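Novice: sequence-free structure coming up:
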């Protein structure tokens, strides 16, 4: 789906996430990817608070599954940090970036 049309893409991404959870609940990697797509789309729509909730959950789960040094965890953390900046949560974004993503 094209990122230039997030309003139309969001219901498709949400349906994809629901299907992943229903039929492929054992495949957590794909569920996390689908959840990331929803969060990104929400952010593109300016719904940053909702995106932040998903991104926090994604980051926590990737930390559990993959560890802090895995590329996917770091990328998810950077997305979370960007969302925090968009919401003017500067201190939290700096702390996350400096203390958890850079070491």
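Specialist: Sure, I can see it. What you see is a predicted model; the values in this text were computed from it and never measured.
Novice: Once you drop chain neighbours, what's closest to residue 31?
Specialist: residue 20 (4.8 Å; Cβ to Cβ, 6 or more residues apart in numbering). Yep, even glycine has a C-beta here, placed from its N, CA and C like the rest.
Novice: show me what contacts that neighbour?
Specialist: 27, 30, 31, 34 (Cβ atoms under 8 Å, 6 or more residues apart in numbering).
Novice: Can you tell me which of these are buried?
Specialist: 30, 31, 34 (16 or more other Cβ atoms under 10 Å).
Novice: which residues in this structure form helices?
Specialist: Using DSSP state H, the helices found in the chain span residues 6-23, 28-44, 48-66, 71-86, 90-95.
Novice: Quick check: which of those is nearest to residue 102?
Specialist: helix 71-86 (9.5 Å; Cβ to Cβ).
Novice: What are the buried residues along the closest one?
Specialist: 73, 74, 76, 77, 79, 80, 81, 82, 83, 84.
Novice: Tell me where this structure is predicted with low confidence.
Specialist: 1-3, 103 (pLDDT under 70).
Novice: let's see 90
Specialist: Applying pLDDT under 90 to the chain picks out residues 1-6, 24-27, 29, 98-103.
Novice: Against residue 34, how distant is residue 19?
Specialist: 8 Å (Cβ to Cβ, to the nearest Å).
Novice: go on, residue 17?
Specialist: Counting by Cβ to Cβ, the gap from residue 17 to residue 34 is 4 Å.
Novice: And residue 77, by the same measure?
Specialist: Counting by Cβ to Cβ, the gap from residue 77 to residue 34 is 19 Å.
Novice: same deal with residue 25?
Specialist: For residue 25 relative to residue 34 (Cβ to Cβ), the value is 12 Å.
Novice: so can I have CSV of the buried residues of helix 71-86 showing distance to residue 39?
Specialist: Formatted as CSV, the buried residues of helix 71-86 follow (distance: Cβ to Cβ, whole Å):
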residue, distance to residue 39
73, 15
74, 16
76, 9
77, 13
79, 7
80, 9
81, 13
82, 11
83, 8
84, 13
